[in-house]
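*Asks:* curious how this folds, go ahead:
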Amino acid sequence: MASEISGSDGVLLRIDRLYRGAKVGDCKFPGPSSCSWSLQSLAQDLRVPLQQHRAQVVMAILGDASSGKTSFVNALTEELSLLEERVSTSLPAQWQVSEDFEGEWPSLLLQAAEQFPDWMQRAAAMVKSCRHVPAQGLRGIEVIEVSGSLAQQDLEPMTWILSHTDIVVCMLDSQAKQPSEALLAQLKKVCSVQEPPELQFVFSRADLLRRESDRVQLIAKASRLLQESLGRRFEILPVATGDLAVLLDVLDDKSNKWDAGRCRALHSAQELLQQRVQDRLDLLRSDCKALRFALDMQKSTSIQTPAQTSTGGNQLLLCGIGFALAAAVVPFVLDEDLDASMVPIFMACTLVLACFCLFLAFYQRSQAPEALPGESAMSSPMLMKEQERFLSLVEKQCEVWQRSSDRIPGTGS
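*Replies:* Residues are numbered from 1 along each chain as shown. Sure, this is the predicted structure:
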């Protein structure tokens, strides 16, 4: 594990790797069988529930069809992407992650696949189309471009994903009369959850409106519509996505008014990224303590249980042998004045007790619970040693990250 970090995004990416492990093999189906050592696999073995964890800041780009979503994503990722028409129309979303992202399944998409098992094939298809972009501004940030026309089978899973993102940027098309009813209904569902994401609105293709008065009038109209539909006012910033030349100029001109929407989205994501470091380190320490306690309990149980079973069986065996010897020596130790007819009775009683103790001893040994294949492997000394070694490495790395985070502005506790 690396002991040096370059910033908050580096810490979060590596924490995510510790929780999820390195995914190997076919990415069609997620699961423990296709993952290396991770805190999640260790927690599953020890039956310890982990706290909800997501390292990346997830930003979703939402809007009607042809509202400029892809161009806005191009501005965020600082590169041009021309998606295949077959892919863009068949998939409910296109995932963009940093080139430093490790693993195959984005964390939120994996949670959605587990939440909706029937949707697994669709989620796996999105994993295969996931794009890794080199933009430095997107380190630790995932961008989801949501399709403007979702199929019926994708509505519920995608609404769940949008509700669990950190930022939702909604594109309002300047060339359309108003947002579609389907888009407004989806926004209402996203805003109705207990902890809704930060919702931002941008006025796309604003550069195509030549007169400033037209832009002001349309933005005011859209603002009133959002207030009526969602119950609050939103600041709507313009972006230039109608002309490719304008887009490329914007990337080099920080003061250009057409870049306000993109800058606001990136600034919000970077602020969340800084705030999340200390929270994730606290969660990591808490989970490590719970796993350490469960591992210590498993070790003590695996040592005590066989010893107790063996001790009880040995004691019964010794008692049985003792009673058998007593039955053999009874005729020699009884008083001669004792009635001779009592000798067989004493011998029979001691023999019965001897047989009873021996029977219990062998019965206890034969009825000792046999571990199932998975339980046997889980309690094996070699596996427990590997589990303890992995957890110790994670705890040491957590201490290193804690010291490093104190030197990162805005992440101190």
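
*Asks:* going forward, measure contacts between C-alpha atoms and count neighbours the same way
*Replies:* OK.

*Asks:* list the contacts of the nearest residue to Val193 once chain neighbours are set aside.
*Replies:* Among residues not flanking Val193 along the chain, Ser163 sits closest, at 6.8 Å (CA to CA, 6 or more residues apart in numbering). If you count contacts by CA atoms under 8 Å, 6 or more residues apart in numbering, Ser163 has them with Lys189, Val190, Cys191, Val193, Pro196, Pro197.

*Asks:* for my notes, confirm Gln94 occurs in a helix.
*Replies:* No: per DSSP: H, G, I helix; E, B strand; the rest coil, Gln94 lies outside any helix segment and is strand.

*Asks:* from Glu142, how far out is it?
*Replies:* Using CA to CA, to the nearest Å, Gln94 is found at 11 Å from Glu142.

*Asks:* neighbour-wise, which of the contacts of Ser163 leads?
*Replies:* Of all those, the highest neighbour tally under other CA atoms under 10 Å goes to Val190, namely 22 neighbours.

*Asks:* wait, that residue touches Leu184, no?
*Replies:* No: using CA atoms under 8 Å as the test, Val190 is too far from Leu184 to be in contact (9.9 Å).

*Asks:* okay, how far is it across stretch 116-130, tip to tip?
*Replies:* 20 Å.

*Asks:* buried ones in that stretch?
*Replies:* Judged by neighbour count using 16 or more other CA atoms under 10 Å, the buried positions of stretch 116-130 are Trp119, Met120, Arg122, Ala123, Ala124, Ala125, Met126, Val127, Ser129, Cys130.

*Asks:* wait, the third one touches Gln94, no?
*Replies:* Translated: Arg122. No: Arg122 is beyond contact range of Gln94, at 11.7 Å (criterion: CA under 8 Å).

*Asks:* domains in this protein, by residue range?
*Replies:* 56-252, 302-405 (automatic domain parsing).

*Asks:* distance between the longest one and the chain's centre?
*Replies:* Taking CA atoms, centre = their mean, to the nearest Å, the mean C-alpha location of domain 56-252 is offset from the chain mean by 22 Å.

*Asks:* circling back: can you say which of the domains of the chain is nearest to Leu295?
*Replies:* Closest approach to Leu295 among the domains of the chain (CA to CA): domain 302-405, 7.3 Å.

*Asks:* any idea of the mean pLDDT for that closest one?
*Replies:* Domain 302-405 comes out with an average pLDDT of 70.

*Asks:* same thing with stretch 168-179?
*Replies:* Rounded mean pLDDT across stretch 168-179 is 86.

*Asks:* what's the closest non-adjacent residue to Leu218?
*Replies:* Ser174 (7.3 Å).
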